[in-house]
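[1] got a sequence here, can you model it:
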Amino acid sequence: MKLPSTSSGKELIDSVDRLILLASSSIYSGDGWSPVVILGHLSDVDEQVWSVRIELMLAAQRAKESRPTFSWWEPDPLATQLRYEQYSWEEAKARLHSTRNGIVSTLNVLDAEDWNASASHATFGILTLVGMVNQILIHDKEHLASLK
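    Numbering: from 1, shown residues only. Next up is the predicted model:
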């Protein structure tokens, strides 16, 4: 059985590459977050939301416990702005590559049973790991649109 990890990992890396490419040529108008702050935000969400939730889903699945329940949460926008406005372009890009590669590394070692891990989300309902990957890609697309 072919596991979704290979295609999922490629999609997640391709998404980050598109974001970085567009951010690198984006002209910042001064409104909202700069491209560097957007990349920082995405890396924080990778680290503080997606990675944590994937690990919780996997732990519950492997321990044969009830699926975890999640609510909508993202890192504080003001703290994000203050933190990443100090970052260089190279630092923000490297951090996003690092956090996204961490997610892909986790996904790449999953077996078929692990991919059945799920969670209950207040906004999205029941999410499997494939659904979680889809939510990551949707979140990336939202920020991709903000860079145009």
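[2] please enumerate the strands of this protein.
    Secondary structure of the chain by DSSP state E: the strands cover 69-70, 118-121, 125-128.
[3] tell me which of those strands is the most buried.
    Most buried of the strands of the chain, by mean neighbour count (mean count of other Cβ atoms under 10 Å): strand 118-121, with a mean of 18. In this view, the C-beta of every residue, glycine as well, is placed from N, C-alpha and C.
[4] so in that sheet, which strands flank that strand, and in what orientation?
    The pairing partners recorded for strand 118-121 under DSSP bridges are strand 69-70 (parallel), strand 125-128 (antiparallel).
[5] closest to A59 out of the strands of the chain?
    Counting by Cβ to Cβ, A59 lies closest to strand 118-121 out of the strands of the chain; the figure is 11.0 Å.
[6] please compute how far the closest one lies from its chain's middle.
    Centre-to-centre, strand 118-121 and its host chain are 16 Å apart (Cα atoms, centre = their mean, to the nearest Å).
[7] ok, the residue nearest the centre of the chain to E85 distance?
    Central residue check for the chain by Cα atoms, centre = their mean: the C-alpha nearest the mean position is that of D46, 3.7 Å away. Note on D46: its distance to E85, by Cβ to Cβ, to the nearest Å, is 19 Å.
[8] before we move on, the earlier item: in a markdown table: the strands of the chain, plus mean pLDDT and distance to P35.
    What follows is these, written out as a markdown table (pLDDT from 0 to 100; distance: least, Cβ to Cβ, whole Å):
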| stretch | mean pLDDT | distance to P35 |
| --- | --- | --- |
| strand 69-70 | 96 | 28 |
| strand 118-121 | 96 | 29 |
| strand 125-128 | 94 | 29 |
